[in-house]
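> Below are the sequence and a predicted model for it; my questions follow.
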Amino acid sequence: MVTRENFTSEEWTKLLESLMLTGMAVSAADPNGLWGTIKEALASRSALAASKAESGSNELVKAIIADFETREGRSAIQEALRKRLAGADPAEVVHRSLDTLHEVSAILAAKAPADAAAFKACLRGIGQKVAEASMEGGFLGFGGVQVSEAEKATLTDIAKALA
């Protein structure tokens with residue numbers, strides 16, 4: 001069984017970060033104002049809770065989400081995100097997030113190949129939930145689309161980064 005001890009501190013932090021960066025990349029791909037951002041953040045949180053509760057989640061997924069929920073885990077994520085995303089505009093947030101997800105994929109391939117598919121599925125699920133959380137475009141919620149073209153492209157890029 002793969003646990004936190006199988007990873008360096010830096011690798012573990014990247015795994016934790018990836019839970020946030022996946023949703024942030026989708027949100028940044030097509031910013032949707034304050035209300036849309038709130039809905040997307042809540043969707044990300046909901047997707048995490050669903051992954052944790054899902055009976056099929058493997059032990060690595062559960063361990064990462066459990067650490068994410070601790071004060072220490074959140075502190076590590078906040079510090080890492082602050083460094084990674086400092087001064088980034090939305091396009092750069094997407095780019096930096098995808099770079100990190102590519103690194104996460106390599107870490108999983110090297111250190112947890114048997115658990116990689118489950119964790120990547122968790123990340124893709126977060127991205128999909130965030131993309132579907134808020135109508136994009138239109139006016140006052142009318143005439144918009146559930147998932148914008150920019151979000152679809154970012155979901156495709158996330159899948160490629162995690163391949």
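Sure thing, it's come through.
> only C-alpha atoms for contact and neighbour calcs from this point on.
Fine.
> lowest-pLDDT helix or strand in this protein?
helix 33-53 (a mean of 78; mean pLDDT, DSSP states H and E).
> Contacts for it next, please.
Applying CA atoms under 8 Å, 6 or more residues apart in numbering, the contact partners of helix 33-53 are 19-20, 23, 27, 31, 57, 61-62, 65, 122, 125-127, 129-131, 133-135.
> Sticking with the residue positioned nearest the centre of the chain, tell me its helix or strand.
Centroid-nearest residue in the chain: Thr22, 2.4 Å away (criterion: CA atoms, centre = their mean). If you go by DSSP states H and E, Thr22 is part of helix 9-29.
> so for that helix, what's the average pLDDT?
Mean per-residue pLDDT for helix 9-29: 94.
> To what extent is Glu10 buried, counted in neighbours?
Counted with other CA atoms under 10 Å, the neighbours of Glu10 add up to 11.
> do you know how far it is from Ile77?
11 Å (CA to CA, to the nearest Å).
> And the average pLDDT for stretch 124-137 is what?
85.
> CA atoms only for it - export them in PDB, please.
The C-alpha atoms that make up stretch 124-137 are tabulated as PDB, following Å, rounded to 0.1, in the frame of the first residue of the first chain:
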ATOM      1  CA  ARG A 124     -10.400  14.800 -13.600                       C
ATOM      2  CA  GLY A 125     -13.700  14.500 -11.700                       C
ATOM      3  CA  ILE A 126     -12.900  17.700  -9.800                       C
ATOM      4  CA  GLY A 127     -12.200  19.500 -13.100                       C
ATOM      5  CA  GLN A 128     -15.500  18.300 -14.600                       C
ATOM      6  CA  LYS A 129     -17.500  19.300 -11.600                       C
ATOM      7  CA  VAL A 130     -16.000  22.800 -11.600                       C
ATOM      8  CA  ALA A 131     -16.700  23.200 -15.300                       C
ATOM      9  CA  GLU A 132     -20.300  22.200 -14.800                       C
ATOM     10  CA  ALA A 133     -20.900  24.300 -11.700                       C
ATOM     11  CA  SER A 134     -21.800  27.600 -13.400                       C
ATOM     12  CA  MET A 135     -23.400  28.700 -16.600                       C
ATOM     13  CA  GLU A 136     -20.900  30.500 -18.800                       C
ATOM     14  CA  GLY A 137     -21.700  33.500 -21.000                       C
END
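> Good, wrapping up.
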